[in-house]
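S.K.: Here is a sequence with its predicted model. Questions after.
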Amino acid sequence: MGRHSLPDDAATDGTRSRPPVHRRTLAIATMLVLSVAAGTAVAVQGGLLSFSGSCADSAVRLKVVASPDVAPAVRAAAQYARDEEVTSDGRCLDVAVVARDAYKVADAVTGGTAEPDYQVWIPDSDLWIQRAESSGDGSPLTSVGNVASSPVALAMVPSAAKSLGWPRKTYTWAEMSAAATEKDTLRLGAADPARSATGLLALTSIGRSEHKKSPDDDTKVAATAKLLSQRISDTDAQVLKTLAKDDSGTEKGNPRRNQAVLLSEQAAFAHNTAGGSPGLELFYPKDGAPQLDYPYALVNEPELSTDQSRAALRFMTLLGEPESRKFLVDRGFRMPDKPVSEGVVRVAGGRAPQPYALATTEPPSQKDIEETLGMWTITVQSARLTTVVDASGSMATAVPGRGSQSRMDVTKASLLQALSQFTPEDEIGLWDFATDLDGDRDYRKKVPTTRLGDPASGGGTHRDKISAAFSALAPVPGGATGLYDTTLAAYKDAKANYASGKFNAVVILTDGSNQDAVSISRSALIAELKRIADPQRPVPLIAIAVGPDADREEIEQIATVTGGGGYQVSDPAEIHAVILKAIMEAGQGG
């Protein structure tokens, strides 16, 4: 074995496949590389550094936490670096690789309860970095490239695949979802979208595909989510264990085993390579497969030593070099900016004319992801929400850029859009509020909080009744914002009518600060909410400040003590997305 003291600038084979989009850019990292390299060259010329001696004495030690699917290949590259004495600035690389589920790492980084003991994180998707960064409370992450990729597809046991015309017949995501869920004999499983990037990307893609077909109909996506929620696994590795043990899927004692699963190409490759029985065959969506993109992120980079930063960047470069690429391809991964490996596709279960080489779709937007997660949360655990809407006179204010539409007009439309995401099992109620709205009270109950699927007096369902009530909301001329008394009354009512086994919450929408001079004070309200909040029966407040006159800080102080949160939207049309995001965040917190 010879010592490899290789150049430290980026390899020419393109491991850095896209510009980073996080807190610090690759340009900054590159400037660091070049400046330190220049300093190192001067030191060498001056005789200040010695490249001789034992690697054990001079090694730069790094700890890398990687998604379990990619960890074996990264570990093989780390062993190669040790065996070949690969160096960074004359010091050998000693890289320890630990496999850890990405959702667990994201939760730990977000929590910020302790400094991470690792310097590099390689999750299976950039979605986890976005989630970890969204709170702003944890360790900073610097994404500097991608080490591999793998498309998300629909895997089936052979008999099920043949029944849907594999490999000749191709489907969009919406068509695949329908084909896999409308047959009573075809059982579809997936990993939990709250814990699996594969599950989340697939469900988001189904939603986008359905939306293209029917922009105003979200019921099919909700139905698919409901079906998946009954056959869900915690992780991608566990979902493979739910597959039928033979091609019929009817083996004795296991009539509920899955014949189809949402899976990455790499996971199907690993299953088939390991002799998983039966082997899997893959449908690739003709409207584009989302990608697991395996970002390479420095963790708390400002606190890393220069040697650690340099070594971390050197190891990323090594992962893009031919030896490491082979470790990755041999385990079923695709390489960024490289042609698709026909061998990988074939072993994974792909075959022409399935569009496995089709250019991938644009990554889903943050809004798409938040809406999918919110919808998933209320699908898996039915919700009981009391919606409390500001009816003060200021809600008649026109919304800029929306013609004659008022804040109330747009708020109503957004609430109706949000309502479409809920199932018949969810319970929704409506209050409105303004000063002296009901005698000396600032609030009134317009519609009780009950199941959307229940029959309503006078005909129709509760969904019909609440839809009509949303549509009838109107500002009260001269009414001011009676926020504090209303918040306390709605919270007490929700606690008194708590529904076990459901996600209970109060959603308050207001376009201003409290204007009732004779109401409870803010400090007294916060103290009382804190006193009566019960962690065993949580009822988070989800408070949404609508427009420029609302006080985000005020509502956040009030909501936080209940386990909820405060949000602000400049356009009331954003309300439905924020409600779903808030439900997702509060549900995860619980």
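M.R.: Arrived safely, thanks for sending.
S.K.: can you tell me which residues contact Leu282?
M.R.: If a contact means C-beta atoms under 8 Å, 6 or more residues apart in numbering, then Leu282 has 153-156, 263, 265, 268, 348-350, 354, 356 as its contacts. Every residue, glycine included, has its C-beta placed from N, CA and C.
S.K.: A helix includes it, no?
M.R.: No: assessed with DSSP: H, G, I helix; E, B strand; the rest coil, Leu282 is strand; it does not lie in a helix.
S.K.: quick one: the helices in the stretch 401-550 of the chain?
M.R.: All helices of the stretch 401-550 of the chain, identified by DSSP state H, counting those that start in this stretch, fall at 407-419, 462-472, 483-496, 522-532.
S.K.: rewinding a little: of all the contacts of Leu282, which comes closest to Val380?
M.R.: Closest approach between these and Val380, by C-beta to C-beta: Leu263, at 20.0 Å.
S.K.: Buried residues in the one helix or strand that closest one maps to, which are they?
M.R.: Element membership of Leu263, judged by DSSP states H and E, is strand 260-264. Neighbour counts over strand 260-264 (16 or more other C-beta atoms under 10 Å) mark 260-264 as buried.
S.K.: between these, which is closest to Asp101?
M.R.: Checking the buried residues of strand 260-264 one by one against Asp101 (C-beta to C-beta), the nearest turns out to be Ser264, at 14.5 Å.
S.K.: so who does that closest one touch?
M.R.: If you count contacts by C-beta under 8 Å, 6+ apart, Ser264 has them with 69, 124, 150-153, 198, 236, 292.
S.K.: In helices, which of the contacts of Leu282 fall?
M.R.: 265, 268, 348 (DSSP state H).
S.K.: a markdown table please, covering those residues and showing pLDDT.
M.R.: A markdown table is the format used below for these (pLDDT from 0 to 100):
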| residue | pLDDT |
| --- | --- |
| Glu265 | 97 |
| Ala268 | 96 |
| Ala348 | 97 |
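S.K.: Please point out which parts of stretch 163-179 sit buried.
M.R.: The neighbour-count check on stretch 163-179 (16+ other C-beta under 10 Å) flags 164, 166-167, 170-179 as buried.
S.K.: Could you work out the end-to-end span of it for me?
M.R.: 10 Å (C-alpha to C-alpha, to the nearest Å).
S.K.: The one helix or strand Ala577 maps to packs against which elements?
M.R.: In this structure, Ala577 is located in helix 575-589 according to DSSP H and E. Helix 575-589 is packed against helix 366-380, helix 407-419, strand 503-510, strand 541-546, strand 565-569, with contacts defined by 3 or more C-beta pairs under 8 Å, 6 or more residues apart in numbering; DSSP states H and E.
S.K.: re earlier: ok, the ones in helices among the contacts of Leu282 vs Gln366, which is closest?
M.R.: When the ones in helices among the contacts of Leu282 are compared against Gln366 (criterion: C-beta to C-beta), the nearest one is Glu265, at 24.8 Å.
S.K.: State the distance from that closest one to Ser277.
M.R.: Glu265 sits 19 Å away from Ser277, going by C-beta to C-beta, to the nearest Å.
S.K.: Over to Asn514?
M.R.: Computed as C-beta to C-beta, the Asn514 to Ser277 distance reads 65 Å.
S.K.: Neighbour count: the two, which is higher?
M.R.: For Asn514 versus Ser277, neighbours defined as other C-beta atoms under 10 Å are more numerous around Asn514 (25 against 13).
S.K.: List the residues that contact the more buried one.
M.R.: 481-484, 522, 554.
S.K.: re the thing from before, by pLDDT, rank the contacts of Ser264 and give me the bottom one.
M.R.: Within the contacts of Ser264, pLDDT reaches its minimum at Asp236, with 85.
S.K.: Could you give the number of residues near that residue?
M.R.: Residues near Asp236, counting by other C-beta under 10 Å: 28.
S.K.: Buried ones in the helix or strand encompassing Gln79, by neighbour count?
M.R.: For Gln79, the host element (DSSP H and E) is helix 71-83. Within helix 71-83, the residues scored as buried using 16+ other C-beta under 10 Å are 71-78, 80-81.
S.K.: and these as JSON lines, adding pLDDT?
M.R.: Formatted as JSON lines, the buried residues of helix 71-83 follow (pLDDT from 0 to 100):
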{"residue": "Ala71", "pLDDT": "98"}
{"residue": "Pro72", "pLDDT": "98"}
{"residue": "Ala73", "pLDDT": "98"}
{"residue": "Val74", "pLDDT": "98"}
{"residue": "Arg75", "pLDDT": "98"}
{"residue": "Ala76", "pLDDT": "97"}
{"residue": "Ala77", "pLDDT": "97"}
{"residue": "Ala78", "pLDDT": "97"}
{"residue": "Tyr80", "pLDDT": "96"}
{"residue": "Ala81", "pLDDT": "96"}
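S.K.: quick one: which of those residues is nearest to Val105?
M.R.: For these, the nearest to Val105 is Ala71 (12.0 Å; C-beta to C-beta).
S.K.: So what touches stretch 332-341?
M.R.: Stretch 332-341 is contacted from outside by 13-15, 17-18, 70, 73, 146-151, 265-270, 273, 293-294, 325, 328-329, 344, 347-348, 356-357, using C-beta under 8 Å, 6+ apart.
S.K.: Please disregard the earlier target; I meant stretch 238-245.
M.R.: Around stretch 238-245, the neighbours that count as contacts under C-beta under 8 Å, 6+ apart are 157, 189-191, 196, 231, 233, 250-251, 254, 257-259, 261-263, 267, 271, 276-278, 280.
S.K.: sorry, back to before: tabulate the helices of the stretch 401-550 of the chain (TSV), appending distance to Ile579, mean pLDDT and mean neighbour count.
M.R.: As requested, these are exported to TSV (distance: least, C-beta to C-beta, whole Å; pLDDT from 0 to 100; neighbours: other C-beta atoms under 10 Å):
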stretch	distance to Ile579	mean pLDDT	mean neighbour count
helix 407-419	5	89	21
helix 462-472	13	96	18
helix 483-496	16	95	21
helix 522-532	20	95	15
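S.K.: quick one: which of these is nearest Asp571?
M.R.: Distance to Asp571, taken as C-beta to C-beta, is lowest for helix 407-419 among the helices of the stretch 401-550 of the chain, at 7.1 Å.
S.K.: who does the closest one touch, helix- and strand-wise?
M.R.: Where contact means 3+ C-beta pairs under 8 Å, 6+ apart, helix 407-419 is packed against strand 383-390, helix 462-472, helix 575-589.
S.K.: tell me how far it is from the chain's mean position?
M.R.: 25 Å (C-alpha atoms, centre = their mean, to the nearest Å).
S.K.: that older thread, between the ones in helices among the contacts of Leu282, which is closest to Asp442?
M.R.: Nearest to Asp442 out of the ones in helices among the contacts of Leu282 is Glu265 (C-beta to C-beta; 57.2 Å).
S.K.: Distance of that closest one relative to Asn146?
M.R.: Applying C-beta to C-beta to Glu265 and Asn146 gives a distance of 16 Å.
S.K.: For these two, indicate the residue with more neighbours.
M.R.: Legend: neighbour count by other C-beta under 10 Å for Glu265 and Asn146, higher for Glu265 (29 against 26).
S.K.: isn't that one right up against Gly350?
M.R.: Yes: the pair Glu265 and Gly350 passes the contact test of C-beta atoms under 8 Å, sitting 7.1 Å apart.
S.K.: Identify the contacts common to these two.
M.R.: Here Glu265 and Gly350 have 153, 282, 356 as joint contacts, going by C-beta under 8 Å, 6+ apart.
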